[in-house]
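Colleague: no sequence for this one, just the structure:
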């Protein structure tokens, strides 16, 4: 974390003494995080359902990974080398997470009717340091943006809810952050790609840039991946961010 913020400080120092245009921009927008399941992860989920059904004959189990709504808020520093190319960094608060629903339905071996539904919603807050290149495609104002985000987990919460024949429950607990697989749940660092296409509009005397982006994580967010790598998933976020640029040099 110290190295990343040291990079950000060096970036600010570099643009301060450079010869290009420097702009700053407040940034905000909605994001949606998906728990995509494919390959080994999807196979592992099916195997888990099969094991539960073998232990509880007559009851069918289904795991569903949903979409977690979130948002990002922060600021960017934009250093334009020439009219079409800029280097960007800054600090963004990004709410991400994971939404899982487990359903059990049927009649068990004792003749009892089972109809249960449980949801497990993780909400993880990150402070992200982006390192992006912003390239202007043409005079039409369209831009390609790409680079890395270094996300530092600052808080995490799990909300568990259950409803059905086994009774209703609802509770929220704080989730620990760290690298110890037995003591912590959420890893402190998330490294992700950030790829987007944006359009620049003139609003007043300054440009407003709207960017549709995709942000797949390169690292897994859960410490349990060390013990059971096929069962844990990376963040995959999409969204739209708005940046309003103000020239300071």
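Modeller: Sure thing, it's come through. All of these numbers come straight from a predicted model, not from anything done at the bench. Numbers count the residues shown, from 1 in each chain.

Colleague: ranges for the helices of this structure?
Modeller: 2-17, 40-55 (DSSP state H).

Colleague: and those, which one's lowest on average pLDDT?
Modeller: Lowest mean pLDDT within the helices of the chain: helix 2-17, at a mean of 54.

Colleague: got the contact list for the nearest residue to residue 213 once chain neighbours are set aside?
Modeller: Of all residues not flanking residue 213 in the chain, residue 196 sits nearest, at 3.4 Å (C-beta to C-beta, 6 or more residues apart in numbering). From N, CA and C alone the C-beta is placed, and that goes for glycine too. By C-beta atoms under 8 Å, 6 or more residues apart in numbering, residue 196 lies in contact with 144, 145, 146, 211, 212, 213, 214, 241.

Colleague: ok, of those residues, which come out buried?
Modeller: For the contacts of residue 196, a neighbour count by 16 or more other C-beta atoms under 10 Å gives the buried set as 145, 211, 213, 241.

Colleague: what number of residues lie near the closest residue to the second one other than its chain neighbours?
Modeller: With C-beta to C-beta, 6+ apart as the criterion, residue 211 has its nearest non-adjacent residue at 3.5 Å, and that residue is residue 198. Residue 198 is flanked by 21 other residues according to other C-beta atoms under 10 Å.

Colleague: confidence score at residue 198?
Modeller: 95.

Colleague: now it: how far from residue 29?
Modeller: Distance, residue 198 to residue 29, using C-beta to C-beta, to the nearest Å: 11 Å.

Colleague: residues of stretch 106-113 that come out buried?
Modeller: Quick answer for stretch 106-113: no buried residues (16+ other C-beta under 10 Å).

Colleague: and stretch 194-210, how far from the chain's centre?
Modeller: The chain centroid and the centroid of stretch 194-210 are separated by 22 Å, computed with C-alpha atoms, centre = their mean, to the nearest Å.

Colleague: equivalent analysis for stretch 80-89, please.
Modeller: Its chain's average C-alpha position is 26 Å from that of stretch 80-89, according to C-alpha atoms, centre = their mean.
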